[in-house]
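S.K.: What follows is a predicted structure for the sequence shown.
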Amino acid sequence: MKKPYTKETICIQSGWKPGNGEPRVLPIYQSTTYKYETSEQMGRLFDLEEDGYFYTRLQNPTNDCVAQKICELEGGVAAMLTSSGQAANYYAVFNICEAGDHVVLSSTVYGGTFNLIAVTMKKMGISCTIVDPDSDYDTLCKAFRENTKCVLAETIANPALVVLDIEKFAKAAHSHQVPLIVDNTFATPINCNPFVWGADIVTHSTTKYMDGHAMCVGGAIVDSGNFDWSLYPDKFPGLCQPDDSYHGVIYTERFGKKAYITKATVQLMRDLGSIQSPQNAFLLNVGLETLHLRMPRHCENALKVACYLENHEKVAWVNYPGLKSSKYYELAQKIMPNGTCGVISFGLKGGRSAAEVMMDKLELAAIVTHVADARTCVLHPASHTHRQMNDEQLKEAGVNPDLIRFSVGIENAEDIIADLEQALAAI
Ligand SMILES: *Cc1c(COP(=O)(O)O)cnc(C)c1O
């Protein structure tokens, strides 16, 4: 048997496989709809009896090629693109939860995800218990209830940079018969494959490193195919019991390991419609072609910047899982031996006010509500992305009020450090 391709080759070659005389580059299928010869053929598509495209709100060939590439990078069995990372996490959870159900949520997840689950989904009747990702196994297990349907956490939390013990979380989830959903945005599949450590579903904000150029908002969901829904038909009725809107199809029976992604596509995309535009999927694909080249450079630069900051007299603390001083260093070495991400966080001895002065002085590093792209950028979460949280919630989310999130780009590290040097001199 031929050896499967390595990630580097998948980044370049997977997804679009042109036939003889077809375009070398993935085309943008800029079409809302698809033509059929007979009315009966079209009918079979609506009954899910045949695989095929009928309307771009559900599926589009450009998107599917890009989803396939991400699927292979993660080592999954099926994947889909969504319009944003928010939509990806929403669909990933809502696909198996309904009113009356319960989610176990890591306290350090991205602010948008925290709001989605703890505030918005609560209004939909879905409750959650928030857990400290560093809790020991027994404490973690106490968060589960009879109606718990999934656990959601991030490989590397944005912006707390807490590294998740995926094995511990997977064990706790599985011992309560529910899947572990891991948002792998910051690590990317280049640095970590959560499925290897027991995660069942992976989500991404492709807006970050995958796109890598801050061009398109997007998301992705990948299923490992490892969680056997059919063992718990009462827990997961949406997957294991007939769907009346498709003549009683039972997803686990008809689609096997692709049940979860198929349901999210034909039900959630149909009804909620957060499809990624094919144009954005095309650009995402271009980004993915260099993901394997960019990630090592992000990590190399971030380590240099983190070491520089750690030795600076005006810096109070530096948090980067690649630093030996990080309490996540060993865990990061285990699950991400080639590097973690390009994002670091730090605080100044002068606190919040010094942070504001310094940020305004930066020239190369731009103040933007973004993270994880080719250009170095900086943000003060307490004043920006997390400003809806009070001090208590900030603490739980692992975000100090003085925390500066510094997203190290792929410029020359010396230039980034020189920029920090002059800005720190001003305080
Ligand atoms: C940015 C981000 C999201 C939300 O993604 P959008 O593409 O902005 O909707 C979710 N999770 C993580 C870890 C993120 O960094």
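M.R.: Noted; the coordinates are in hand. Numbering: from 1, shown residues only.

S.K.: distance of Met210 from Asn319?
M.R.: 24 Å (C-beta to C-beta, to the nearest Å). Yep, even glycine has a C-beta here, placed from its N, CA and C like the rest.

S.K.: Give me the more crowded residue out of these two.
M.R.: Shown here are Met210 and Asn319; by other C-beta atoms under 10 Å, Met210 has more neighbours (28 against 25).

S.K.: Ala160 versus that one, what's the distance?
M.R.: As for Met210, its distance to Ala160 is 21 Å (criterion: C-beta to C-beta).

S.K.: cool, Gly85 as well?
M.R.: Per C-beta to C-beta, Gly85 is found 17 Å from Ala160.

S.K.: try Cys11
M.R.: Distance of Cys11 to Ala160, computed by C-beta to C-beta: 28 Å.

S.K.: residue in the stretch 201-350 of the chain nearest to the ligand?
M.R.: Ser205 (3.0 Å; C-beta to the nearest ligand atom).

S.K.: can you tell me which residues contact that residue?
M.R.: Ser84, Gly85, Gln86, Ala88, Tyr110, Asp183, Thr185, Gly218, Gly219 (C-beta atoms under 8 Å, 6 or more residues apart in numbering).

S.K.: Of the residues you listed, which ones also sit close to the ligand?
M.R.: Among the contacts of Ser205, the residues within reach of the ligand (C-beta under 6 Å from any ligand atom) are Ser84, Gly85, Gln86, Tyr110, Asp183, Thr185, Gly219.

S.K.: Need the nearest residue in space to the second one, chain neighbours excluded.
M.R.: Nearest in space to Gly85, with sequence neighbours left out and distances taken as C-beta to C-beta, 6 or more residues apart in numbering, is Ser205 at 2.4 Å.

S.K.: beta partners of that neighbour?
M.R.: Ser205 forms beta bridges with Gly219, as assigned by DSSP bridges.

S.K.: Could you check the pLDDT of it?
M.R.: Ser205 is assigned a predicted lDDT (pLDDT) of 98.

S.K.: CA atoms only for the helix or strand of the chain with the lowest mean pLDDT, dumped as PDB, please.
M.R.: Within the chain, no helix or strand scores below helix 391-396, which has a mean of 80 by mean pLDDT, DSSP states H and E. Extracted in PDB, the C-alpha atoms of helix 391-396 (Å, rounded to 0.1, in the frame of the first residue of the first chain):
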ATOM      1  CA  ASP A 391     -12.800  41.100  36.800                       C
ATOM      2  CA  GLU A 392     -14.000  37.800  38.300                       C
ATOM      3  CA  GLN A 393     -14.900  36.400  34.900                       C
ATOM      4  CA  LEU A 394     -11.600  37.700  33.500                       C
ATOM      5  CA  LYS A 395      -9.800  35.800  36.200                       C
ATOM      6  CA  GLU A 396     -11.700  32.600  35.500                       C
END
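
S.K.: need the next SSE after that helix, C-terminal direction.
M.R.: strand 404-407 (DSSP states H and E).

S.K.: so how far is that following strand off the chain centroid?
M.R.: 18 Å (C-alpha atoms, centre = their mean, to the nearest Å).

S.K.: Adjacent strands (with direction) for it?
M.R.: Checking strand 404-407 against DSSP bridges gives partners strand 343-348 (antiparallel), strand 377-379 (antiparallel).

S.K.: Close to the ligand: what parts of the stretch 51-200 of the chain are there?
M.R.: Ser84, Gly85, Gln86, Asn89, Tyr110, Gly112, Thr113, Glu154, Asn158, Asp183, Thr185, Phe186.

S.K.: go on, the stretch 201-350 of the chain?
M.R.: Proximity of the stretch 201-350 of the chain to the ligand, by C-beta under 6 Å from any ligand atom, involves residues Ser205, Thr207, Lys208, Val217, Gly219.

S.K.: which residues does the last one contact?
M.R.: The one in question is Gly219. Contacts of Gly219 (C-beta under 8 Å, 6+ apart): 81-89, 203-207, 276.
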